[in-house]
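Engineer: Would you be able to build a 3D model of this:
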Amino acid sequence: QVQLVESGGGLVQPGGSLRLSCAASGFTLDYYAIGWFRQAPGKDREGVSCISSTDGRTYYADSVKGRFTISRDNAKNTVYLQMNSLKPEDTAVYYCAARHISYCPYEFDYWGPGTQVTVSS
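Structural biologist: Coordinates of the predicted model:
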């Protein structure tokens, strides 16, 4: 059974950092493109970052470029999202998603349940 589970969310002050993890079970992440998305209350879901499966190419939304870093540890079957210099507007539920494809797609097949990130003083 394919499953993704996010962890690492929480409450952090503006300017702080968090590292989100996306752990996979039931399949090997090596051959999957992995994306991170977020959804704030009353807003549409937004693509945050993606990492391809073959060459590890990464993509970022303009709103997080230079502050967030996506990485993958295939040995641990986990993808990470390091979030630095957090802002209140980064507050959202963060989701990871996977698709069995080499490049970063527009649509994903598998989704985790999400983890809440709140940036507030």
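Engineer: Next, the contact list for the residue nearest the centre of the chain, please.
Structural biologist: Compute the mean C-alpha point of the chain, and by C-alpha atoms, centre = their mean the closest residue is Trp36, 2.8 Å away. Contact partners of Trp36, counting by C-beta atoms under 8 Å, 6 or more residues apart in numbering, are 20, 22, 47-50, 70, 79, 81, 94-97. (Glycine included, C-beta is placed from N, CA and C.)
Engineer: Can I have the buried ones of those residues as a PyMOL selection?
Structural biologist: Selection command for PyMOL covering only the buried members of those, criterion 16 or more other C-beta atoms under 10 Å:
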select buried, resi 20+22+47+48+49+50+70+79+81+94+95+96+97
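Engineer: For Tyr103, state which of the contacts of Trp36 is nearest.
Structural biologist: Nearest to Tyr103 out of these is Cys50 (C-beta to C-beta; 9.0 Å).
Engineer: Following element in sequence after whichever strand or helix holds that closest one, please.
Structural biologist: For Cys50, the element it lies in under DSSP states H and E is strand 46-51. The helix or strand immediately downstream of strand 46-51 is strand 58-60, counting by DSSP H and E.
Engineer: still on that earlier bit, please name every helix or strand in contact with the strand holding Cys50.
Structural biologist: When contacts are defined as 3 or more C-beta pairs under 8 Å, 6 or more residues apart in numbering; DSSP states H and E, strand 46-51 sits against strand 33-39, strand 58-60, strand 68-73, strand 78-83.
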